[in-house]
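Undergrad: Kindly return the folded structure for what I paste below:
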Amino acid sequence: MRANDRSRTAAEVLIDQLVIHGARHVFCVPGESYIAALDAMVDRPLEVTVCGQEGGACIMAEAMGKLTGRPGICFVTRGPGATNASSGLHIAQQDSTPLILFVGQIAREYREREAFQELDYRAVFGSIAKWVTEIDDAARVPELISRAFHMATSGRPGPVVIALPEDMLVERVVAADAPAFDPVETSPGPSDIRRLQTLLNEAQRPIALLGGSRWSKTACAAMQQFAERFMLPVATTFRRAHLFDPFHPCYAGDLGIGPNPKLLARVKNADLVMLIGGRLGEMPSQSYTLFDIPGPRQTLVHVHPGAEELGRVYKPHLAIHAAPTAFAAAAEGLQPPNEIKWEAGTKTAHADYLAWTEQPTEQPGGVNLGAVMVWLRENLPEDAVLCNGAGNFASWVHRFFRFRRFAQHIAPTSGSMGYGVPAAIGIKRLYPERTVVCIAGDGDFLMNSQEYATAAQYDLPVITVIADNGLYGTIRMHQEREYPGRVSATVLKNPDFVAYARAFGGFGVLVDKTADFPKAFRAAQKSGKPAVIQLKIDPDAITPAMTLAKIGAAARAKQKQ
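TA: Model (predicted):
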């Protein structure tokens, strides 16, 4: 409560700063260590989502940060609450997502006694966060929260962790509010644009790769116009396919896991590679095999908002320290050469992409996950959002679903299982009017399935499609490749997923034939409830291109050589 002397508790000051900086949603699991902050939320214009477990809460906040480009906000309690949330922190770090995690902390007078649930958060989270701090002085709350918003969004975005001693939160202070933050935009210099113009004029086989964060709908549209003027082939990196319209005549495909071999050959054969926004990590670089380290054979132009990333792995011929949004605007000033030498190659690249993704591949078993993805891409509303976690099931998403809109795909480049369910709930909380679909594996779903209670509590009709093959499929695939026939620790005993959904008051349906999926999906939509569609997938159907049996047979043949 505000006092007559204009003083507020530190908790009230904190929550006021969140509102000033534009936060409208908070995801949390309640804890006594920050109960003063929970009380301060009551009178502020914040939508508070109470979650089942801190890992799910942090992922919901991360998903919101990924979609909006503004920090997702999560509150958790000390000790085990904080360590549970670390999975979401790691995702935000690897995915370059703005996130602020507030952690309740023991009273200051108890520190360094290993008090109940005590942790040194700077030590624990220092390697997976951009900045970790603990607020000891209540008067500095506005300053440090402002810094957190700037830190989370500037340069390469990432997570910030702020520990809140419970005794500090109840101190009364008279403190001026900070002004609302604005993300810092770094733009290309004129000399950068001139050098890039020269490289484009000299190129014979260029290609652009789009990835990373700090994009916007406007920036994506500008990049499409740039590509169109130059007839430049454009590929997107792992789980960033939403950055470029797949039906644009310049789109060359998805450079992630299991990419089109023709696309890989095109990148290797390029004489100019423009990497815009991304880091070219292990997945899009195909385990660091596409380019020589540290000096690529191809002429490499690397555009990135974080100066520390330029030259970190690959030494670029031209390093441009700029956010993708600013670079996309500056690219409007570039002029195509009088003679575009690569136009025919661009048309071929797009034709190769369409052919690679047009029809589902044949699969063993009654349900073809590729056919399911093709049906979804042709029948979901234009503004639908797809979320998924990690597992071999996602390779069908990457190959056969065509993302037409910016931020239509919310998924972890960190490869974190358990992401899809809480991410879908977080996005549905933000956009209740949009269709939100989670595609999950069985093991993937179970890692955060408790958040179906959250969906039920807030009447969020997310639809989860579970690819149930009874396996930790990715690990089993590697196991069969390296140790064929020797199955260890990769078999799952699954629940009745339909009954699970119904237990929360949701909708559930089992599909064991591909032809039955459309009816099941429409029934899930019509139910208006959190829904599960359980697909019975043959365990042999392990990738769109290879069965488990064929992988094992190839491994045995290799052993005999």
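
Undergrad: use CA for all of it now, contacts and neighbours both
TA: Will do.

Undergrad: What count of nearby residues applies to the residue nearest to Asn494 when sequence neighbours are not counted?
TA: Spatial nearest neighbour of Asn494, chain neighbours left out: Gly470 (6.6 Å); criterion: C-alpha to C-alpha, 6 or more residues apart in numbering. Other residues within reach of Gly470, judged by other C-alpha atoms under 10 Å, total 18.

Undergrad: Can you report phi and psi for Gly470?
TA: Gly470 adopts backbone torsions of phi 70, psi 20, taken as degrees, to the nearest 10.

Undergrad: Can you show me the helices along the stretch 401-550 of the chain?
TA: 420-430, 442-446, 452-457, 473-482, 497-503, 517-527, 548-560 (DSSP state H, counting those that start in this stretch).

Undergrad: so what does the third one touch, helix or strand wise?
TA: So that's helix 452-457. Applying 3 or more C-alpha pairs under 8 Å, 6 or more residues apart in numbering; DSSP states H and E, one finds that helix 452-457 contacts helix 420-430.

Undergrad: gap between the helix it packs on and the chain center?
TA: 12 Å (C-alpha atoms, centre = their mean, to the nearest Å).

Undergrad: Give me the contacts around it.
TA: 25, 56-57, 59-64, 386-389, 410-411, 434-440, 444-445, 448-449, 451-452, 454-455, 460-462, 464 (C-alpha atoms under 8 Å, 6 or more residues apart in numbering).

Undergrad: Could you tell me which residues within stretch 538-550 count as buried?
TA: Asp538, Pro539, Asp540, Ala541, Ile542, Thr543, Pro544, Thr547, Leu548, Ala549 (16 or more other C-alpha atoms under 10 Å).

Undergrad: Dump the residues you listed to CSV, plus pLDDT and distance to Tyr483.
TA: Listed next are the buried residues of stretch 538-550 as CSV, based on pLDDT from 0 to 100; distance: C-alpha to C-alpha, whole Å:
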residue, pLDDT, distance to Tyr483
Asp538, 96, 21
Pro539, 95, 17
Asp540, 95, 16
Ala541, 95, 18
Ile542, 94, 16
Thr543, 94, 18
Pro544, 94, 22
Thr547, 94, 16
Leu548, 93, 12
Ala549, 92, 13
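
Undergrad: can I get these in JSON lines with distance to Gln105?
TA: Shown next, in JSON lines, are those (distance: C-alpha to C-alpha, whole Å):
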{"residue": "Asp538", "distance to Gln105": "48"}
{"residue": "Pro539", "distance to Gln105": "46"}
{"residue": "Asp540", "distance to Gln105": "49"}
{"residue": "Ala541", "distance to Gln105": "48"}
{"residue": "Ile542", "distance to Gln105": "45"}
{"residue": "Thr543", "distance to Gln105": "45"}
{"residue": "Pro544", "distance to Gln105": "48"}
{"residue": "Thr547", "distance to Gln105": "50"}
{"residue": "Leu548", "distance to Gln105": "48"}
{"residue": "Ala549", "distance to Gln105": "52"}
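
Undergrad: for Leu14, helix, strand, or coil?
TA: helix (DSSP: H, G, I helix; E, B strand; the rest coil).

Undergrad: Surely it is in contact with Leu144?
TA: No - in this structure, Leu14 is not within contact of Leu144 by C-alpha atoms under 8 Å, at 9.6 Å.

Undergrad: Those two: which has the busier surroundings?
TA: Neighbours were counted for Leu14 and for Leu144 using other C-alpha under 10 Å; Leu14 has more, 23 against 18.

Undergrad: Please report how far that one lies from Arg502.
TA: For Leu14, the distance to Arg502 (C-alpha to C-alpha, to the nearest Å) stands at 39 Å.

Undergrad: Under the pLDDT cut-off, which ranges of the stretch 1-150 of the chain? List them.
TA: 1-4 (pLDDT under 70).

Undergrad: my guess is Tyr251 contacts Ala241, does it?
TA: No - between Tyr251 and Ala241 there is no contact under C-alpha under 8 Å: 10.0 Å.

Undergrad: Need the CA coordinates for the worst-scoring helix or strand of the chain on mean pLDDT. PDB is fine.
TA: With mean pLDDT, DSSP states H and E as the measure, the helix or strand of the chain carrying the lowest mean pLDDT is helix 548-560 (a mean of 90). Provided in PDB are the C-alpha atoms of helix 548-560 (Å, rounded to 0.1, in the frame of the first residue of the first chain):
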ATOM      1  CA  LEU A 548      15.100 -47.400 -38.000                       C
ATOM      2  CA  ALA A 549      15.500 -50.800 -39.600                       C
ATOM      3  CA  LYS A 550      17.400 -49.300 -42.500                       C
ATOM      4  CA  ILE A 551      19.700 -47.300 -40.200                       C
ATOM      5  CA  GLY A 552      20.500 -50.500 -38.200                       C
ATOM      6  CA  ALA A 553      21.100 -52.500 -41.400                       C
ATOM      7  CA  ALA A 554      23.500 -49.900 -42.700                       C
ATOM      8  CA  ALA A 555      25.400 -49.900 -39.400                       C
ATOM      9  CA  ARG A 556      25.700 -53.700 -39.400                       C
ATOM     10  CA  ALA A 557      27.000 -53.700 -43.000                       C
ATOM     11  CA  LYS A 558      29.600 -51.100 -42.100                       C
ATOM     12  CA  GLN A 559      30.700 -53.100 -39.100                       C
ATOM     13  CA  LYS A 560      31.300 -56.100 -41.400                       C
END
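
Undergrad: Could you give the separation of it from the chain centroid?
TA: That offset, for helix 548-560, works out to 34 Å (C-alpha atoms, centre = their mean).

Undergrad: and the angle for that helix with helix 473-482?
TA: Angle of helix 548-560 versus helix 473-482, following axes from the mean of the first three to the mean of the last three C-alpha atoms, to 10 degrees, is 30 degrees.

Undergrad: Report all helices and strands that helix 548-560 contacts.
TA: When contacts are defined as 3+ C-alpha pairs under 8 Å, 6+ apart, helix 548-560 packs onto helix 473-482.

Undergrad: tell me what the helix it packs on is packed against?
TA: Packed next to helix 473-482, using 3+ C-alpha pairs under 8 Å, 6+ apart, are helix 548-560.

Undergrad: So for the helix it packs on, what gets flagged as buried?
TA: Buried residues in helix 548-560, counted by 16+ other C-alpha under 10 Å: Leu548, Ala549, Ile551, Gly552, Ala553, Ala555, Arg556.

Undergrad: nearest residue to Phe238 other than its sequence neighbours?
TA: Gly256 (4.1 Å).

Undergrad: could you list every residue that touches the closest residue to Phe507 other than its chain neighbours?
TA: Spatial nearest neighbour of Phe507, chain neighbours left out: Ala531 (4.5 Å); criterion: C-alpha to C-alpha, 6+ apart. The neighbourhood of Ala531, defined by C-alpha under 8 Å, 6+ apart, consists of Pro461, Val462, Ile463, Thr464, Ala501, Gly506, Phe507, Gly508, Ala524.
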